[in-house]
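Novice: next input, structure requested:
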Amino acid sequence: MRIGQIIPSSNTTMETEIPAIFAARERARPEDGHVTFHSSRMRMRNVAKAELEAMDRDSQRCAVELADATVDVVGYACLVAIMSMRPGYHRESQANLEREMRKHGSRAAVITSAGALVEELKQSGARAVSLVAPYEPSLTDMVVGYLRNEGIQVIDAISLAITDNREVGRRDPLALLAELDRLNTRGADVVVLSACVQMPSLAAIPRAEEKLGMPVTSTAVCTARSFMRALNLEPIAPDAGYFLSRANIMHENRSGKASA
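Specialist: Numbers count the residues shown, from 1 in each chain. As a prediction, this is how the structure comes out:
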């Protein structure tokens, strides 16, 4: 199985966290087969709206390159580029990328990280979240507004105000644990520890769940979960928190939702 990722040129996290999740899954479920990863990059260094818009226009070129690699699923791995455009844009982006890939002979499924966060939160029954984002407050506000437009209440959002995307990728994921002391989670069903595919968080998620006593996820975890669904794999992996746990699948089954 082959996963293609369309990623910002400065992103260094989606090529580490997503493969790490799948590698852990493969060790636990070797009978499901091996997954390889293949990337195409869009130019972006600073997380500013003008750069995000220019980068987004380049995404279709990336889709064509990944079509040549005969991947099985493609993920557009930039949440804020999608959410800073307009409400519901993840559906439009997905349709545009699918159309471009079909023109070049690929039947690969297409997801976006923005859509994955929205859909996996809904799939798991989350109606309200608190989140941490690395962006400037104005961009975080766009993310909050996007989620609210999708029917997901945002209780609290912390902006770390880091504009250099390379700096975001160098952060120690465990540094996020300190942010939990000032994040209001009262009334939230889930904490999104990283509302950004570039800000590392995977290593912190189990510890954050232990600290808070509630489900914690990230955009990367939700993207991995959507990849698994697209590949008809059970959405489960060790050490990635509740969202990739057996308990979440059991909850979905009790709620009458499909697990794959």
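Novice: mind pulling the model confidence for H251?
Specialist: pLDDT, H251: 66.
Novice: same check on the one 3 residues further on?
Specialist: At R254 the predicted local confidence, pLDDT, stands at 66.
Novice: what's in contact with the helix or strand that A178 is a member of?
Specialist: Take DSSP states H and E as the rule and A178 turns out to sit in helix 176-179. The contact list for helix 176-179 (Cβ atoms under 8 Å, 6 or more residues apart in numbering) reads 132, 158, 160, 193-194, 199, 201, 204, 207-208, 211. Using the backbone N, CA and C atoms, a C-beta is placed for each residue, glycine as well.
Novice: please repeat the previous calculation with a cut-off of 6 Å.
Specialist: For helix 176-179, the external contacting residues (Cβ atoms under 6 Å, 6 or more residues apart in numbering) are 132, 158, 193, 201, 204.
Novice: return the closest of the residues you listed with respect to T217.
Specialist: For these, the residue nearest T217 by Cβ to Cβ is L193; the value is 7.1 Å.
Novice: picking that back up, mind listing what's buried along the helix holding A178?
Specialist: Buried residues in helix 176-179, defined by neighbour count with 16 or more other Cβ atoms under 10 Å: 176-177.
Novice: report the distance from it to the chain centre.
Specialist: How far helix 176-179 lies from its chain's middle: 19 Å, per Cα atoms, centre = their mean, to the nearest Å.
Novice: let me see the mean pLDDT of it.
Specialist: Rounded mean pLDDT across helix 176-179 is 96.
Novice: and stretch 153-172, by the same measure?
Specialist: 94.
Novice: tell me the buried residues in that stretch?
Specialist: Buried-residue list, stretch 153-172, by 16+ other Cβ under 10 Å: 154-160, 162, 165, 168-169, 171.
Novice: contacts for that stretch?
Specialist: By Cβ under 6 Å, 6+ apart, stretch 153-172 touches 10, 12-13, 45-47, 128-137, 140, 144, 147, 179, 183-184, 187-188, 198-200.
Novice: repeat for stretch 23-38
Specialist: 1-4, 19, 22, 69, 71, 233, 237-239.
Novice: and stretch 10-21, by the same measure?
Specialist: Under Cβ under 6 Å, 6+ apart, the answer for stretch 10-21 is 5, 7, 37, 44-45, 77, 165-166, 169, 197-198, 200, 202, 220, 224, 237, 240.
Novice: just the buried subset of these, please.
Specialist: 5, 7, 44, 77, 165, 169, 197-198, 200, 202, 220, 224, 237, 240.
Novice: got JSON lines for those, with secondary structure and distance to E26 too?
Specialist: Formatted as JSON lines, these follow (DSSP: H, G, I helix; E, B strand; the rest coil; distance: Cβ to Cβ, whole Å):
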{"residue": "Q5", "secondary structure": "strand", "distance to E26": "18"}
{"residue": "I7", "secondary structure": "strand", "distance to E26": "22"}
{"residue": "M44", "secondary structure": "coil", "distance to E26": "31"}
{"residue": "A77", "secondary structure": "coil", "distance to E26": "20"}
{"residue": "N165", "secondary structure": "helix", "distance to E26": "29"}
{"residue": "G169", "secondary structure": "helix", "distance to E26": "24"}
{"residue": "V197", "secondary structure": "coil", "distance to E26": "21"}
{"residue": "Q198", "secondary structure": "coil", "distance to E26": "24"}
{"residue": "P200", "secondary structure": "coil", "distance to E26": "21"}
{"residue": "L202", "secondary structure": "helix", "distance to E26": "16"}
{"residue": "A220", "secondary structure": "helix", "distance to E26": "17"}
{"residue": "A224", "secondary structure": "helix", "distance to E26": "12"}
{"residue": "A237", "secondary structure": "coil", "distance to E26": "9"}
{"residue": "A240", "secondary structure": "coil", "distance to E26": "13"}
